[in-house]
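1. Test case, fold it:
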Amino acid sequence: AAQPVAAQPVAAQSVATKLHAARPVSAADGLRGGAGPAQLLETSGCSASACHGDPLAGDTRDWRSAATAWSLADPHRRAFAVLYTPRSVEIHDNLRRAEEPNVAADAELDPAAYAQFLSERCIGCHATSPQPESPSVSLAGVTCGSCHPSDSAAWTAGHYLATWKPAVGDRGDTVLARADLCSSCHLGPKSAGGRIYDVDHDLIAAGHPRMVFEYDSLLASYPRHWDERAAIAKRRAATGARFPHLDQWRAGQVAAARRTLDQLEHRGALLGTSPDFAQFACSDCHHALSPPSAPRPQAARAAARSGAPRPALDAFQALFAVPFADVKAGSASGAAETIAAASSTAIDSARETLGRRLQRFAPLDPPAKQSLADLRRALEAAAQRGPATAADQRAFARWLAADLRDPRRVDSWEAAVERLLAADVLAADVLAADVGAAGSFDVNSPNTGSPTTSGPAVTEFLAAIERLRAALSDPAQFALADVKVPAGEAIAAGQSIAAGQSIAAGASARAPTLYDTPAAYDPSVIAPLLRALAERLEDPAFPLFEGSRP
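-> Just a heads-up that it's a prediction; the model follows:
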């Protein structure tokens, strides 16, 4: 197993000196402009003050100031720069030592090898173009051309004209199109420049953050460079969409499930013999080691009962467990008329067949391949559904209330976080609409962000969400307060504690990151908070249920 990144410090000159020679492109290359076949529109072509580069005025975010807002706050612009940080170098070094065990830990960085590593494993997702013909695009990170079709001649030649009309889907205006686009990098695999870029178990073991994706929550924290309220109003006028966050959650589940199937197909074809370890629940193998007299963690017991780590097919569970409305009748392409929605029983059967084969660590046999195709077909049927209705929102709330009481929802930190984010979806749509006590919605009301008639039931629901969020974010909740360590033993970089002092005293230094699972996660702490959240949903006064219990 690769050593933890923090255990392998990189010399100070690694980034400042050695990597200068390792860059596959340079600032000078960008100034020369590299004329090649690539037609990607660079960010500099969008940021003129007459186009998208207007100064920001207060909180204004629309097409006029899009480039300005992006350059000031968007994290994607730093996507290429992180490839020249110590962590990135350590990932490369860990992989190199795994492939070449005789390489010394303090071996000099090979600039050419590092540049090749970035080209083959990283740059497809960390830059708009992995092609050497567009060096300045790579230097700018993930730019306009990654999300907007700026490689289209029809777009670049005329989208600034008053008479221009975008083609359907040109700007990724549909919720599903945006979620699908985001997941291509945030989950992968991503096809770019003739290569497939995939964060597999080797990369994760070497130090790359594991891939997590929940579209609605990611979008909520994203610094927008567009007017989201105007976009929601436009979708509402065009399609009748009334529950934007539920639509985004559902689109994110579809996109995540699609990427899961893509990973299975790509990694299966690549490995040929067994699935990649990244296809399984991380906590089934990676969990805190207990003393012999102590009970094993719940996730470890679940893995032992099944005889193997459980396949990570949860994206299908949530999506198909909610009894959403039927597939909409007809579409612009007629696809919805030819795709039949599979029953939940058939979907569960396909998941089980596929999961059993994966647990054997064997190539997909014909029944497993058929199950994969059945799941793909069911996903495409789900993608044809129209915007969520009030009945869909009530069905989602009923499913969530029941699911919060399911003990399997707390057997891992990740599962509990997924339910927290699902509760956030429900809360966001309640806060974004004028919800009456009888469940009536004013479709024309603005997204004010505060309910006017929802009453104390929603207030208590929001408080229960925040209590759960605080517990999932606090390492002191995961039995760390009872763990004693010897005097002077470091619990974090540059930090030590006295003999007999509990780890909780220095817990802030150990707080889990966005990607880390707390090693001492304790389901017994979280289960009551999930049940309390379910009770708030089951309150007859909660406005979604039209006065009746779910």
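2. I'd like the next helix or strand past the lowest-mean-pLDDT helix or strand in the chain.
-> Ranked by mean pLDDT, DSSP states H and E, the weakest helix or strand in the chain is helix 27-32, scoring a mean of 29. Along the chain past helix 27-32, the next helix or strand (assigned with DSSP states H and E) turns out to be helix 66-73.
3. Need the CA coordinates for that following helix. PDB is fine.
-> Output of helix 66-73 as PDB, limited to C-alpha atoms (Å, rounded to 0.1, in the frame of the first residue of the first chain):
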ATOM      1  CA  ALA A  66     -19.400  36.100 -16.100                       C
ATOM      2  CA  ALA A  67     -15.700  36.100 -17.000                       C
ATOM      3  CA  THR A  68     -15.000  38.600 -14.200                       C
ATOM      4  CA  ALA A  69     -16.700  36.600 -11.600                       C
ATOM      5  CA  TRP A  70     -15.100  33.400 -12.800                       C
ATOM      6  CA  SER A  71     -11.600  34.900 -12.700                       C
ATOM      7  CA  LEU A  72     -12.100  36.200  -9.200                       C
ATOM      8  CA  ALA A  73     -13.700  33.300  -7.400                       C
END
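4. Go through the next helix or strand after that helix and flag the buried ones.
-> Past helix 66-73, further along toward the C-terminus, the next helix or strand under DSSP H and E is helix 86-99. With burial defined by 16 or more other CB atoms under 10 Å, the residues of helix 86-99 counted as buried are 86, 88, 89, 90, 91, 92, 93, 94, 95, 96, 97. For the C-beta atoms, the positions are set from N, CA and C on the backbone; glycine is no exception.
5. does the fifth one really touch residue 208, like I thought?
-> When you say that, I think you mean residue 91. Yes. With contact taken as CB atoms under 8 Å, residue 91 and residue 208 are classed as touching, separated by 5.7 Å.
6. Can you get me a residue count around residue 260?
-> As a burial measure, the neighbour count of residue 260 was computed by other CB atoms under 10 Å and equals 23.
7. what about it, which helix or strand?
-> Take DSSP H and E as the rule and residue 260 turns out to sit in helix 244-271.
8. and the following helix or strand past that helix, what other elements does it pack with?
-> Sequence-wise, the next helix or strand downstream of helix 244-271 (DSSP H and E) is helix 282-285. The helices and strands touching helix 282-285, judged by 3 or more CB pairs under 8 Å, 6 or more residues apart in numbering; DSSP states H and E, are helix 298-306, helix 413-431.
9. Burial check on residue 218, number of neighbours?
-> Residue neighbour count, defined by other CB under 10 Å, stands at 17 for residue 218.
10. how near is it to residue 179?
-> In this view, residue 218 and residue 179 are 9 Å apart by CB to CB, to the nearest Å.
11. Over to residue 522?
-> Noted for residue 522: a distance of 33 Å to residue 179, by CB to CB.
12. Where does residue 162 sit, in terms of helix or strand?
-> Secondary-structure element containing residue 162, defined by DSSP H and E: none, the residue being outside all helices and strands.
13. Please enumerate the strands of this structure.
-> Counting by DSSP state E, residue ranges of the strands within the chain are 190-192, 195-197, 490-492, 495-496.
14. Which strands or helices does the second one pack on?
-> Contact here means 3+ CB pairs under 8 Å, 6+ apart; on that basis strand 195-197 packs against helix 123-126, strand 190-192.
15. Okay, now the sheet partners of that strand, with direction.
-> strand 190-192 (antiparallel) (DSSP bridges).
16. ok, and for the partner strand, which residues are buried?
-> Buried-residue list, strand 190-192, by 16+ other CB under 10 Å: 190, 192.
17. related to what we said a few turns ago, redo the helices and strands packed on strand 195-197 as a markdown table? Include mean pLDDT and distance to residue 458.
-> What follows is these, written out as a markdown table (pLDDT from 0 to 100; distance: least, CB to CB, whole Å):
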| stretch | mean pLDDT | distance to residue 458 |
| --- | --- | --- |
| helix 123-126 | 90 | 39 |
| strand 190-192 | 88 | 40 |
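18. out of the ones you listed, nearest to residue 228?
-> When the helices and strands packed on strand 195-197 are compared by CB to CB, helix 123-126 sits nearest residue 228, at 24.3 Å.
19. Contacts for that closest one, please.
-> If you take CB atoms under 8 Å, 6 or more residues apart in numbering as the criterion, helix 123-126 is touched by 24, 79-80, 82-83, 118, 130, 138, 141-142, 185, 188, 190-193, 195, 197.
20. So, low pLDDT: which residues of the stretch 301-450 of the chain?
-> In the predicted model of the stretch 301-450 of the chain, residues 302-306, 325-342, 433-450 satisfy pLDDT under 70.
21. just the helices in it please.
-> Secondary structure of the stretch 301-450 of the chain, counting by DSSP state H, counting those that start in this stretch: helices at 314-321, 335-338, 344-359, 366-383, 390-404, 413-431.
22. Just give me the neighbour total for the residue nearest to residue 394 when sequence neighbours are not counted.
-> Setting aside the residues directly before and after it, residue 394 is nearest to residue 544 in space (CB to CB, 6 or more residues apart in numbering), at 5.4 Å. By the other CB under 10 Å criterion, the neighbourhood of residue 544 contains 22 residues.
23. Verify the stated contact: residue 544 with residue 397.
-> Yes. Because the distance of 5.0 Å satisfies CB under 8 Å, residue 544 is recorded as touching residue 397.
24. Overlap in contacts, these two.
-> Shared contacts of residue 544 and residue 397, defined by CB under 8 Å, 6+ apart, are found at residue 426.
25. just to revisit the earlier point, buried subset of the contacts of helix 123-126?
-> Applying a neighbour-count criterion of 16+ other CB under 10 Å, the buried members of the contacts of helix 123-126 are 24, 79-80, 83, 118, 130, 138, 141-142, 185, 188, 190, 192-193, 197.
26. Between residue 522 and residue 179, which is the more surrounded one?
-> residue 179 (28 against 18).
27. surely that one meets residue 215?
-> Yes. In this structure, residue 179 is within contact of residue 215 by CB under 8 Å, at 4.4 Å.
28. Give me the common contacts of the two.
-> Common contacts of residue 179 and residue 215 (CB under 8 Å, 6+ apart): 248, 251, 252, 255.
29. Most neighbours among the residues you listed, which one?
-> So for the shared contacts of residue 179 and residue 215 (other CB under 10 Å), the most neighbours sit at residue 252, 29 neighbours.
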